[in-house]
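1. compute the structure for the input listed below.
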Amino acid sequence: MSWWMWTLIIVGALIIFLLFMLIITKLTITILLYHGNDNDHFKVKLRAWFGLIKYTIDIPLVKLDDDGPNVVLEEETKKGDESNPSKEKKSRKKITPKNFIDSLNDTKEVVIHVHSMHRIIRGFLKKVKVDQVHWKTLFGSGDAASTGTLTGMIWGMKGSIIGIVSGYMRLQSMPVIEVTPTFQHAVVQTQFSCIIQFRIGNAILVGFKILRYWRGGMAKFKTKPLSSLSGEKHSV
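-> Okay, the predicted model is just below:
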């Protein structure tokens, strides 16, 4: 065979190998959330290939906008190690009620146009592993009677949420759930963390299934980048 045939075979084999590696790659997502009165902090860490690929999304500030009913986020993204990132980017985002409504509209459009969407998502979630769930809450309303009542309600809410998660995903260990009442003063503090893991190939399969079972023509998306598919102006 000529050299260009060998080159074509080698390139094709390399592409197949890379696609195979992508499909079997496990993505590990670590979620860290803290809320304490006016102090909020949200962090998401993504890791693949035994830590060779790392990406961190850090949102140290979540607050209401003084100019309107909007939520302001300060976001910091890092590639590589957090202490010594290869690339770092900071941004400030504003989420308006219109952004939220448009996102709900896009979700509704997908559900309407994709046949058996619930079955597709549930099939994917059954392959998602959830581990090291820690959810601790310190709560006090300032009144002893109402604190006791609301503490019980918080326990019930947490139990229901964990029950739903265990019904859809694969819990790998017993969640650590705590609700500590404080009767002296009003306070709300919550710490939540967990590790989520799934194969990228399973997420890609969801995308193919959505395309396969798409019905009813083009959807009318409102948010970027989906709005470019339907020719709609996206919200800013």
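
2. quick one: residues contacting the closest residue to T25 other than its chain neighbours.
-> Sequence neighbours aside, I200 is the residue nearest to T25 in space, at 4.8 Å (criterion: CB to CB, 6 or more residues apart in numbering). All C-beta atoms are positioned from the backbone trio N, CA, C, and that covers glycine. Shown in contact with I200 (CB atoms under 8 Å, 6 or more residues apart in numbering): 22-23, 25-27, 48.

3. which of the residues you listed count as buried?
-> Burial by neighbour count, judged by 16 or more other CB atoms under 10 Å, picks out 27, 48 from the contacts of I200.

4. which ones among the contacts of I200 are found in strands?
-> Using DSSP state E, 26-27, 48 are the members of the contacts of I200 that sit in strands.

5. mind putting these into TSV with pLDDT and distance to L73?
-> Output for those, formatted as TSV (pLDDT from 0 to 100; distance: CB to CB, whole Å):
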residue	pLDDT	distance to L73
K26	93	29
L27	93	23
A48	90	25
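
6. what's the longest helix along the chain in contact with?
-> Secondary structure of the chain per DSSP state H: the longest helix is helix 144-168. The contact list for helix 144-168 (CB under 8 Å, 6+ apart) reads 122, 125-126, 130, 133, 135, 137, 139-141, 171, 175, 177, 179, 181-183.

7. H115 contacts Y213, correct?
-> Yes - counting by CB atoms under 8 Å, Y213 is a contact partner of H115 at 4.3 Å.
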